[in-house]
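>>> Pasting the sequence and the predicted model now:
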Amino acid sequence: WGVGTSLIMESVPVSWRGMASGILQAGYPAGYLLASLVFLLLPVLGWRGLFILGGSALFSALYIWIRVPESPEWLARQRHGGATPPATAGLWPVIRGNVALCVFAVTLMAAFNFMSHGSQDLYPKVFLGLERRLSHPSITLIVVLYNIAAIVGGLFFGMLSQRIGRQYSIALAALLTLPLLPLWTLPHSTVWLTVGAVCIQFCIQGAWGVVPAYLSELSPPSVRATFPGLAYQCGNLIAASNALLQASVASFLGTGLAPALMLTVGGGAVVVLTLTLLNARRNHGGETSGVSQD
């Protein structure tokens, strides 16, 4: 993900980065959508067949190797010696020189992952299946619809970030998530559960649609192929406790999973909203749009 983000953000014009960011991040819900549809073949192929079918996607790496060119920026660095001064080469000197930036990026990505995984990990099977007792076809339909909404949301907020700025676009999507939490978890009707899931994934994955461009533009140029992915995965590591945390909260409250879902996703959204607005305010008067000029 980190190297792919760097390649795409360095390959497209600055004015297209918001849209390209949304398209790139839309690959996540698109894969989720495809997996949900392919899961219908389970009775025919069995889990081994699905495993092999999923693994076949690795062959796309051959196409990337053979057909996808390096970014113009990377090629330009190679033509000029491809060198970074020894004193600043490598990741560790960059981390030491940008401690606040690294803490900010990892914390932001942890909140993003709590927001995203908090809305997905236990939601289909445990919440919809075991608690709301929806049928398997109904759950599949909801998952398909909310992933379509997620793709649209990523594209919408990615393109919006080109107009109002990366940070404000992320903040808006996170803010819109908060009032949708009751609609997403409290209904028992299949129709209203579907509406809530579609709306909240439009906003959550909409915020995510800006992340590739935002992290890439925050990154020091010398580690742009490393910093975004490292920050992303360190945040993901922190958020790996999500499912256990939600189950523990639900058990402690004794009220089912709905409050735990709202607390986790709502808490992540509040942190994302707060951090992006604080950083936007700190940068006010400078480059607040998040559009790098390098």
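Looks like it arrived, so ask away.
>>> Can you pull out the low-pLDDT segments for the chain?
By pLDDT under 70, the weakly predicted segments of the chain are 81-90, 284-294.
>>> surely L273 meets A174?
Yes - using Cβ atoms under 8 Å, L273 is in contact with A174, at 4.2 Å. The way it works is simple: take the backbone N, C-alpha and C, and place the C-beta from them, glycine included.
>>> With neighbour numbers in mind, choose between the two.
Neighbour comparison, L273 and A174: the larger count goes to A174, with 27 against 21 (by other Cβ atoms under 10 Å).
>>> Can you report how many residues lie near A240?
Under the neighbour criterion other Cβ under 10 Å, A240 is assigned a count of 13.
>>> Same question for the one 3 residues further on.
Using other Cβ under 10 Å as the criterion, A243 is surrounded by 16 other residues.
>>> so what's it up against?
The contact partners of A243, by Cβ atoms under 8 Å, 6 or more residues apart in numbering, come to 117, 121-122.
>>> Keeping just the C-alphas, turn the helix or strand where it lies into PDB.
Assessed by DSSP states H and E, A243 sits inside helix 242-253. Provided in PDB are the C-alpha atoms of helix 242-253 (Å, rounded to 0.1, in the frame of the first residue of the first chain):
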ATOM      1  CA  ASN A 242     -10.400  -3.500  17.900                       C
ATOM      2  CA  ALA A 243     -12.500  -6.700  17.800                       C
ATOM      3  CA  LEU A 244     -11.300  -7.800  21.300                       C
ATOM      4  CA  LEU A 245     -12.100  -4.300  22.600                       C
ATOM      5  CA  GLN A 246     -15.600  -4.200  21.100                       C
ATOM      6  CA  ALA A 247     -16.400  -7.700  22.400                       C
ATOM      7  CA  SER A 248     -15.100  -6.700  25.900                       C
ATOM      8  CA  VAL A 249     -17.200  -3.500  26.000                       C
ATOM      9  CA  ALA A 250     -20.300  -5.400  24.900                       C
ATOM     10  CA  SER A 251     -19.700  -8.000  27.600                       C
ATOM     11  CA  PHE A 252     -19.100  -5.400  30.200                       C
ATOM     12  CA  LEU A 253     -22.200  -3.400  29.300                       C
END
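>>> Quick check: what element follows that helix along the chain?
Next along the chain from helix 242-253, counting by DSSP H and E, comes helix 258-282.
>>> Pull out the buried positions in that following helix.
Using 16 or more other Cβ atoms under 10 Å as the test for burial, helix 258-282 gives 258-266, 268-273, 275-277, 279-280.
>>> so Y214 touches I170, yeah?
Yes - the criterion here is Cβ under 8 Å, and Y214 meets it with I170 at 6.7 Å.
>>> which neighbours do these two share?
Counting by Cβ under 8 Å, 6+ apart, the residues touching both Y214 and I170 are S161.
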